[in-house]
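**Q** my questions concern the predicted model and sequence given below.
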Amino acid sequence: MKTDRLLYLCAYRMTAYRWHSGVLESEGVFAANDEGHQQFADYVKQHRQATFTLLANVSEEGFHLETIPFLQGKDRKTVIERKLGQQFFSAPLTASLSLGYAKSKRKDERILLAALTNNELFVPWITAITSHGAALSGIYSLPLVSVSLLKKLKVGNEQCLLLTVQDQSIRQSYFEKGELHFSRLTPLQNSSISGIAQTFASEAIKLQQYLASQRLIGRNQPITAHVLAHGSAMIAIQASCNDTPTIHFNFLGIEDCARITGLKTVPADAHSENLFLHLLQTAPPKIQFANDDHRHAYHLGRIRAALRTVGALALAGCLLYSGQLLYETHELTQEAQALRAESALARQRYAEIVKSFPPIPTNNETLRQVIDRYVAIDRQTAGPMGLFRELSRALQSAPAAELDALEWRVAGIDATTGQAANSAYAASAVPDDSETLVVRGLLKTGTSNARQTLSAFNTLIDALKANAKLQVVVLQSPFDIESGKSLKGSDTAVDDLRPRTFSLQIVRKLGS
């Protein structure tokens, strides 16, 4: 399983730790010389797949408070970079932290500028990490990690000091409203319990005086100094650190701090390196000092991890969808089997019912042919009422026409006799799926004018042809109007007033 490696760097050595679920295990101590650098490079080569995080506790660091106008985006970044270059010239390991905005009308922003100024100390260690392609998540300063400790302990809401022991030094940091404003490192000349206690008392007074001289606090302003000490040295430290009019000492047990922060490896002495390393892993500060070149492999690792996560989520989604499809397929299969069982049962019941029927005097094929013939005959069965209504409608527009006889047939069969019709009036063959009505009648116009008689006859024909479904054929016209003969109004043949006979054939497709 991939684990994280935490590195603790001081002025004379590098210590490597393996962190896993709140447990810190030391994996090596490397001196700040050529031999130690080579040993550290071999160590990184063995663990190149791990992610390294560096915590530095060195005296070559700088903190500076700066106020800039209210800016955003690229302009703000440019101004801060210029301020860092002016304050920490040629220092590549720099960082900035916003301390909030002023409540004045201009809303100026307060910025803490920080830098690790001894670049030569960091170069061999950073080169050993980046040259082997290992991921460096960041370079952090111990006083900036102290902010997380105060938040965990819920102390230091106002102005306060924090004094801790690391390796062979005393770290003194000044906080205002939970944010770091200043820090310094003092070498520990006497590492005994009494020496640590006396150093705590003297350095707290010196730091209070320095802050007052820099006008960061008032000259007679009381301030709380939180002292992080081990239980075995607590009595001696409390005896040396006596309250003054300007300093009130508050003692924090390092064992209680480890329990509150979740560190399972309780420190055995007053040294707090393990506590700050654990806080670095669980609650890292807002800022760090490594640039993008140092963190190139780390960024690539995060991109690879994101791609793997997306791929895993996509695979999980596909598997879930496949599972859903398999479940639906199983359900459909069960339903199909149930339907097949019901169908087989229905066929069985039908067969049993058919067996109970009396025997039929003919076979199924003959019965099917008879039924098909019956259906065909029934489809052709029609009555004359449809054509009669069409004829009645046409006669309303031709009152001079009087009917003499009507002959209705279906597909050339006489409806009255059922025999083939052989009428002298049949003008054309009639389709088998049609019905025919032969109309014979008289035209009584009351005049001897042939043109008026023909006009009344044509009115009847036009009224019938108004229905596009009707096919009208003139079998006998009231007059012989062939092209070889002439028609005159003074003809003696039409001088009398006798009615003129006519005959029509009306054809319509059955079912239309």
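**A** Nice, thanks for sending it over.
**Q** contacts and neighbour counts: CA atoms only from here.
**A** Will do.
**Q** direction included, what does the helix or strand where Arg171 lies pair up with?
**A** Assessed by DSSP states H and E, Arg171 sits inside strand 169-176. Within its sheet, strand 169-176 is paired with strand 160-166 (antiparallel), strand 179-187 (antiparallel), according to DSSP bridges.
**Q** which of these is buried the deepest?
**A** strand 160-166 (a mean of 23; mean count of other Cα atoms under 10 Å).
**Q** turn the strands paired with strand 169-176 into a markdown table, columns for distance to Phe457 and mean pLDDT.
**A** Listed next are the strands paired with strand 169-176 as a markdown table, based on distance: least, Cα to Cα, whole Å; pLDDT from 0 to 100:
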| stretch | distance to Phe457 | mean pLDDT |
| --- | --- | --- |
| strand 160-166 | 125 | 91 |
| strand 179-187 | 116 | 89 |
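**Q** would you list those in JSON lines and tack on distance to Ile217?
**A** Below are the strands paired with strand 169-176 laid out as JSON lines (distance: least, Cα to Cα, whole Å):
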{"stretch": "strand 160-166", "distance to Ile217": "10"}
{"stretch": "strand 179-187", "distance to Ile217": "11"}
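**Q** between those strands, which one is nearest to Ile237?
**A** The minimum distance between Ile237 and the strands paired with strand 169-176 falls on strand 160-166, with 11.8 Å, by Cα to Cα.
**Q** and Tyr12, how many neighbours does it have?
**A** 12 (other Cα atoms under 10 Å).
**Q** the one 3 residues further on now?
**A** Counted by other Cα under 10 Å, the residues lying close to Thr15 total 18.
**Q** ditto for Ala466
**A** 11.
**Q** go on, the one 5 residues further on?
**A** The local packing count at Gln471 equals 14, with neighbours defined by other Cα under 10 Å.
**Q** and the gap between it and Leu391?
**A** For Gln471, the distance to Leu391 (Cα to Cα, to the nearest Å) stands at 12 Å.
**Q** next: Ser98.
**A** Counting by Cα to Cα, the gap from Ser98 to Leu391 is 104 Å.
**Q** how far does the strand holding Arg171 sit from the chain's center?
**A** Taking the mean C-alpha point of strand 169-176 and that of its whole chain, the gap between them comes to 48 Å (Cα atoms, centre = their mean, to the nearest Å).
**Q** of all the strands paired with strand 169-176, which lies closest to Arg76?
**A** Closest among those, using Cα to Cα: strand 179-187, at 20.5 Å.
**Q** follow the chain on from that closest one and name the next helix or strand.
**A** Next along the chain from strand 179-187, counting by DSSP H and E, comes helix 193-213.
**Q** average pLDDT for that next one?
**A** For helix 193-213, mean pLDDT rounds to 90.
**Q** and that helix, how far from the chain's centre?
**A** That offset, for helix 193-213, works out to 58 Å (Cα atoms, centre = their mean).
**Q** quick one: low-confidence ranges for the stretch 151-300 of the chain?
**A** Within the stretch 151-300 of the chain, the stretches with pLDDT under 70 are 156-157.
**Q** ok so Gln348 is a helix residue?
**A** Yes: checked against DSSP: H, G, I helix; E, B strand; the rest coil, Gln348 lies within a helix.
**Q** what number of residues lie near it?
**A** 12.
**Q** kindly report the same for the one 5 residues further on.
**A** Burial measure for Ile353: 10 neighbouring residues, criterion other Cα under 10 Å.
**Q** and it, its phi and psi?
**A** Here is the backbone geometry of Ile353 (degrees, to the nearest 10): phi -70, psi -40.
**Q** now it: how far from Asn364?
**A** 17 Å.
**Q** before we move on, what about Ser26?
**A** In this structure, Ser26 and Asn364 are 97 Å apart, going by Cα to Cα.
**Q** of these two, who's got more company?
**A** Neighbours per residue, other Cα under 10 Å: of Ser26 and Asn364, the larger number sits with Ser26, 14 against 10.
**Q** any idea which element that one lies in?
**A** Per DSSP H and E, Ser26 falls inside strand 23-31.
**Q** mind giving me the packing neighbours of that strand?
**A** Identification of packing neighbours for strand 23-31 by 3 or more Cα pairs under 8 Å, 6 or more residues apart in numbering; DSSP states H and E yields strand 13-20, helix 34-46.
**Q** so which of these comes closest to Leu442?
**A** So among these, strand 13-20 is nearest, using Cα to Cα, at 119.8 Å.
**Q** buried stuff in the closest one?
**A** For strand 13-20, the neighbour count (16 or more other Cα atoms under 10 Å) marks Met14, Thr15, Ala16, Tyr17, Arg18, Trp19 as buried.
**Q** between the residues you listed, which is nearest Arg409?
**A** For those, the nearest to Arg409 is Trp19 (107.9 Å; Cα to Cα).
**Q** per-residue pLDDT, that closest one?
**A** Reading off the model, Trp19 has pLDDT 87.
**Q** what's across from it in the sheet?
**A** Beta-bridge partners of Trp19, as defined by DSSP bridges: Asp4, Leu24.
**Q** how about the contacts made by it?
**A** Thr3, Asp4, Arg5, Leu6, Glu25, His278 (Cα atoms under 8 Å, 6 or more residues apart in numbering).
**Q** tell me how far Glu402 lies from Asn118.
**A** 131 Å.
**Q** check Gln334 too.
**A** 76 Å.
**Q** with neighbour numbers in mind, choose between those two.
**A** Legend: neighbour count by other Cα under 10 Å for Gln334 and Asn118, higher for Asn118 (16 against 12).
**Q** and the nearest residue to that one once chain neighbours are set aside, how far is that from Ala91?
**A** Ranked by Cα to Cα, 6 or more residues apart in numbering and with sequence neighbours excluded, the top spatial neighbour of Asn118 is Glu60, at 5.6 Å. Applying Cα to Cα, the value for Glu60 to Ala91 is 11 Å.
**Q** dig out what the nearest residue in space to Lys286 that is not next to it in sequence forms beta bridges with.
**A** In this structure, Lys286 finds its nearest non-sequential neighbour in Leu97, 7.6 Å apart by Cα to Cα, 6+ apart. Under DSSP bridges, the beta-bridge partners of Leu97 are Leu112.
**Q** again, but for Leu116
**A** Bridge pairing for Leu116 - DSSP bridges - gives Glu61, Leu93.
**Q** and the helices in this structure, which stretches?
**A** Assigned by DSSP state H, the chain shows helices spanning 34-46, 73-87, 119-130, 142-153, 193-213, 234-240, 254-261, 273-282, 296-355, 364-380, 385-396, 450-465.
**Q** thinking Val58 is in contact with Tyr12, fair?
**A** No: the criterion here is Cα atoms under 8 Å, and Val58 misses it with Tyr12 at 9.6 Å.
**Q** I'd like the distance from stretch 394-414 to the chain centre, please.
**A** Offset of stretch 394-414 from its chain centre (Cα atoms, centre = their mean): 77 Å.
**Q** can you list contacts of stretch 70-82?
**A** Ile68, Ser96, Arg106, Lys107, Asp108, Glu109.
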